[in-house]
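**Student:** Need the 3D shape of this:
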Amino acid sequence: MSNQEYFIMSPKVDFAFKEIMNNEKVRKGFISAVLNIPVNDIKKTVLKNANLPKNHEDDKAEP
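**Tutor:** Sure, this is the predicted structure:
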């Protein structure tokens with residue numbers, strides 16, 4: 001199989017990162033790695049809506 005058949009979207013892509021962060025276990029692991037603290041010290045994580053309303057005609061998001 002070619003490399004393209006194994007392609008997984010880069011987590012640098014905003015959509016891919018958001019999808020990855022929907023998993024609480026992954027989110028805790030990411031926070032643990034970034035803050036250099038044990039994952040067991042993280043009691044709870046909460047995702048807040050990050051979608052911004054469309055304020056101008058050229059904006060991407062819908063209201």
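
**Student:** List the buried residues of the one helix or strand in the chain whose mean pLDDT sits lowest.
**Tutor:** Sorting the helices and strands of the chain by mean pLDDT, DSSP states H and E puts helix 14-21 at the bottom, at a mean of 82. Of the residues in helix 14-21, those with enough neighbours to count as buried (16 or more other C-beta atoms under 10 Å) are Met21. For glycine as for every other residue, the C-beta is placed from the backbone atoms N, C-alpha and C.

**Student:** now swap in stretch 33-52 and tell me
**Tutor:** For stretch 33-52, it's none, nothing buried (16+ other C-beta under 10 Å).

**Student:** which residues are in contact with it?
**Tutor:** Lys18, Met21, Asn22, Glu24, Arg27, Lys28, Gly29, Ile31, Ser32, Asp59, Ala61 (C-beta atoms under 8 Å, 6 or more residues apart in numbering).

**Student:** can you tell me which of these are in helices?
**Tutor:** Among the contacts of stretch 33-52, the members found in helices (DSSP state H) are Lys18, Met21, Glu24, Arg27, Lys28, Gly29, Ile31, Ser32.
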